[in-house]
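Trainee: compute the structure for the input listed below.
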Amino acid sequence: MVTKGAIKGWSILARSRRVRAQKKKDIFKYVLLVPMFVLLLLLFAYPIVYALHSTFESYMYGRATGYVGLQNWIDVLHDQAFWASFGRTISYSVIAIPIELVVSIILALAYYRISGLIGGILRTIAVIPFIVMPIVTGIIWKLIFLPNFGVADAVELMIGVKPFDWLGTSKGAIASVIIMDLWMWIPFMFLIILAGLQALPEEPFEAALVDGANAWQTFFRITLPLLRPTLLVAIILRVIDAFRIFDQVYSMTGGGPGVATQFLSLHVADVAFNQTDFGHASVQLFIIFAIMLMLVSIFYFFSERGTK
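Mentor: Okay, here's the model as predicted:
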């Protein structure tokens, strides 16, 4: 005869077995993650640690020659060429990103109501610049602004304007880089903002329509506040990319004329590979990362503060 005590004992035993089996499954899941974790350490953690170590060493012809402590950091903080490239990057970003944001919002609002086959075709055409490789984009725009043979000179002659040396002057080179950047990144921001518009709830707009709000009131009081998180993501991604710009500028101007378009990434590449001074280049990379983190944090703080 089976007693209540025996039934209770079997129940406890069965429960303990289930717990042990579940623990084994959990451990097995973590064991499966170990190879990927090791791979991530090799791909990300090791290069960062190595780069940090190189900031405390002196280099000559690409080889470490000894420990110098904080001297590399002191040198970079007093390096006028580095801070000049930082200023050029900020100037380019302050001009390009707001224009891209405004144009992208206008395009997203215009495309928002277009659907069906026509809408799909127009969206496909709009994103073509974004899918072109950056280095190819730079070559295309270099050919466009090429003196005497480029499309820009032909258009200027057609409208009766004296051809301007776009790539041969500092102001022209900077303007050409900004124009290229607008062509390349407006589709990216347009897609993000369009997706944000399509995800907005309909109820606030229906209420505004009932209350008699016009298009401007609806846009500034409903659309923009609801789009704030989407705009924040778009701007943060563009700020990060603006500090990383390299391929298209390198293939278009090479940082010239002189150093007119030598932005931060091109300056660091010059220090690392032309001067083979990996110590100073590593310090500059960490400073750039810290500046980017600070700018994004400040912008995010004020954006969050504005939503409250």
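
Trainee: can you count the residues close to residue 134?
Mentor: 18 (other C-beta atoms under 10 Å). From N, CA and C alone the C-beta is placed, and that goes for glycine too.

Trainee: with residue 98 instead?
Mentor: 11.

Trainee: which ones are touching it?
Mentor: Contacts for residue 98 were tallied using C-beta atoms under 8 Å, 6 or more residues apart in numbering; there are none.

Trainee: for residue 194, same thing?
Mentor: Neighbour list for residue 194: 107-108, 111-112, 123 [criterion: C-beta under 8 Å, 6+ apart].

Trainee: which ones among those residues map onto helices?
Mentor: Applying DSSP state H to these, the entries found in helices are 107-108, 111-112, 123.

Trainee: ok but residue 66 is inside a strand, no?
Mentor: Yes. Read with DSSP: H, G, I helix; E, B strand; the rest coil, residue 66 is one of the residues of a strand.

Trainee: hey, what's it bridged with?
Mentor: Beta-bridge pairing for residue 66 (DSSP bridges): residue 58.

Trainee: that one and residue 233, how far apart?
Mentor: Applying C-beta to C-beta, to the nearest Å, the value for residue 66 to residue 233 is 45 Å.

Trainee: between the two, who's got more neighbours?
Mentor: Higher neighbour count among residue 66 and residue 233: residue 233, with 14 against 8, using other C-beta under 10 Å.

Trainee: I'd say that one and residue 192 touch.
Mentor: Yes. Assessed by C-beta atoms under 8 Å, residue 233 is found in contact with residue 192 at 6.5 Å.

Trainee: next, count neighbours for residue 263.
Mentor: 26.

Trainee: now do residue 28
Mentor: The burial count for residue 28: 9, using other C-beta under 10 Å.

Trainee: now swap in residue 77 and tell me
Mentor: Neighbours of residue 77 under the rule other C-beta under 10 Å: 12.

Trainee: measure it to residue 280 for me?
Mentor: Distance from residue 77 to residue 280, counting by C-beta to C-beta: 11 Å.

Trainee: and if you look at residue 238?
Mentor: 28 Å.

Trainee: one more: residue 162?
Mentor: Counting by C-beta to C-beta - residue 162 and residue 280 are separated by 43 Å.

Trainee: between the two, which is the more surrounded one?
Mentor: Neighbour totals were compared for residue 162 and residue 280, and residue 280 leads with 23 against 7 (other C-beta under 10 Å).

Trainee: part of a strand, is that one?
Mentor: No. Counting by three-state DSSP, residue 280 is not found in a strand; it is helix.

Trainee: filter the contacts of residue 194 down to the buried ones, PyMOL style.
Mentor: Buried residues among the contacts of residue 194 (16 or more other C-beta atoms under 10 Å), as a PyMOL selection:
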select buried, resi 107+108+111
